[in-house]
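# when you get a sec, could you give me coordinates for this:
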Amino acid sequence: MDSSGLPLVSIVTPSFNMEGYLPRTIESVLSQDYPNIEYIVMDGGSTDRTLEILKSYGDRLKYFSEPDKGPSDAVHKGFQRAHGDIFAWLGADDLYLPGAVRTGAEALIARPEIDVIYGEGYWIDETDAVISRYPTLPFDPKDLEWDCFICQPASFIRASAYRRCGLDPDVNFSFDYDLWIRMVKQGIRFEMIPRYLAGSRMHQGAKTINERETVFTASMGLLQRHYGYIPFSWAFGYAAFRHDSRDQFFQPVKYSLRNYLATLPVGLRLNPTKRARFLGDWLAAPLQAIRRRLT
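Prediction:
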């Protein structure tokens, strides 16, 4: 802690050739009203104007430029250099909303039994305009078995909890999802707070959009690794993507009979040891969809 008496919050931004968005990300951190922030930018050896941008901020932030294995490795290296009591990371195209760091830190101060606090977030576009609400849910560890419902830019982690179960530097797709699942298995405690804290940017250059099949494969792989089962929702999304190549964000998934029927062989193949369970979920899915529309 410094003279403010508040815990140090260490924020890491991984970046690689992100000159178009990086200044807005940096400004969203440096404009926070929380007085005790350590800000570290981990650059992966950019060839654009990134280093020029970072140098322009002088001692308002720390930066390191060196090769890495991807964003998970970059964030992990940043946390290894960090000195804070609370950790957070913010992608080089994401934003904090005003007051986000203070809100996250104060929530952890007020709840000493909680290790990870996360808030609400928005999907934002290239111009920072809100697209929609991020689909965040109150914390229930069972829900992690079918969806990553935590808005990562809106999360704040006790450094002690991170050190018990850190990012895997070799996982570079859905690496936040992987971290949350492993933290839950370690008994690390989560809580959602009903405050909007961050903007998570969606644009055509985002990995989740232009590397959609790789993201599907990686996410289903971690679900299989951690839970031994690929839920119907993932199998359906994957089967639909293989059929029409829609990105399922800017081009929403099509809920059609054809995609539903195609999901059965895909799901059975993805769940070779739990085919009976998947068949039951596949048969129940239409009724569940009708119920959701009626409620």
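
# could I have stretch 17-31 exported to CSV, CA atoms only?
Written as CSV, here are the backbone C-alpha positions of stretch 17-31 (Å, rounded to 0.1, in the frame of the first residue of the first chain):
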residue,chain,number,x,y,z
ASN,A,17,0.7,-4.5,-33.4
MET,A,18,-2.3,-2.8,-31.9
GLU,A,19,-1.5,0.8,-32.6
GLY,A,20,-5.1,1.5,-33.7
TYR,A,21,-6.6,0.7,-30.3
LEU,A,22,-3.8,0.8,-27.8
PRO,A,23,-3.9,4.5,-27.0
ARG,A,24,-7.6,4.3,-26.0
THR,A,25,-6.9,1.3,-23.8
ILE,A,26,-4.0,3.1,-22.1
GLU,A,27,-6.0,6.2,-21.5
SER,A,28,-8.9,4.2,-20.0
VAL,A,29,-6.4,2.9,-17.4
LEU,A,30,-4.5,6.2,-16.7
SER,A,31,-7.7,8.2,-16.4
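
# count the neighbours of residue 27 for me.
If you count neighbours by other C-beta atoms under 10 Å, residue 27 ends up with 13. For the C-beta atoms, the positions are set from N, CA and C on the backbone; glycine is no exception.

# hmm, who's touching the strand or helix carrying it?
Following DSSP states H and E, one finds residue 27 within helix 22-30. Identification of contacts with helix 22-30 by C-beta atoms under 8 Å, 6 or more residues apart in numbering yields 11, 13, 15, 18, 37, 39, 41, 50, 53, 57, 60-61, 90-97, 101, 128.

# please redo it, this time with the cut-off set to 10 Å
Contact with helix 22-30 is made by 9, 11, 13, 15, 18, 37, 39, 41, 43, 46, 48-50, 53-54, 56-57, 60-61, 63, 88, 90-98, 100-101, 128, 153, 198-199, 201, as judged by C-beta atoms under 10 Å, 6 or more residues apart in numbering.

# check contacts around the residue lying closest to residue 148 once chain neighbours are set aside.
Excluding the flanking residues, the one nearest residue 148 by C-beta to C-beta, 6 or more residues apart in numbering is residue 177, at 4.0 Å. Contact analysis of residue 177 by C-beta under 10 Å, 6+ apart lists 144, 147-150, 152, 171, 218-219, 222-223, 226.

# just the buried ones from those residues?
144, 148-150, 152, 171, 218-219, 222-223, 226 (16 or more other C-beta atoms under 10 Å).

# so residue 266 makes contact with residue 275?
No: the criterion here is C-beta atoms under 10 Å, and residue 266 misses it with residue 275 at 12.0 Å.

# neighbour count: the two, which is higher?
Neighbour comparison, residue 266 and residue 275: the larger count goes to residue 266, with 20 against 13 (by other C-beta under 10 Å).

# tell me the SS of that one?
Three-state assignment for residue 266 (DSSP: H, G, I helix; E, B strand; the rest coil): helix.

# tell me the pLDDT at it?
Residue 266 carries a pLDDT value of 96.

# now swap in residue 254 and tell me
Per-residue pLDDT puts residue 254 at 85.

# so what's the residue count around it?
That count, for residue 254 with other C-beta under 10 Å as the rule, works out to 12.

# the one helix or strand residue 192 maps to pairs with which strands?
Under the criterion of DSSP H and E, residue 192 resides in strand 190-201. With DSSP bridges as the test, strand 190-201 is paired with strand 95-96 (antiparallel), strand 116-124 (parallel).

# would you turn the ones you listed into TSV with mean neighbour count and mean pLDDT?
Listed next are the strands paired with strand 190-201 as TSV, based on neighbours: other C-beta atoms under 10 Å; pLDDT from 0 to 100:
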stretch	mean neighbour count	mean pLDDT
strand 95-96	24	98
strand 116-124	23	97
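
# can you lay out those strands as a markdown table showing distance to residue 106?
What follows is these, written out as a markdown table (distance: least, C-beta to C-beta, whole Å):
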| stretch | distance to residue 106 |
| --- | --- |
| strand 95-96 | 15 |
| strand 116-124 | 9 |
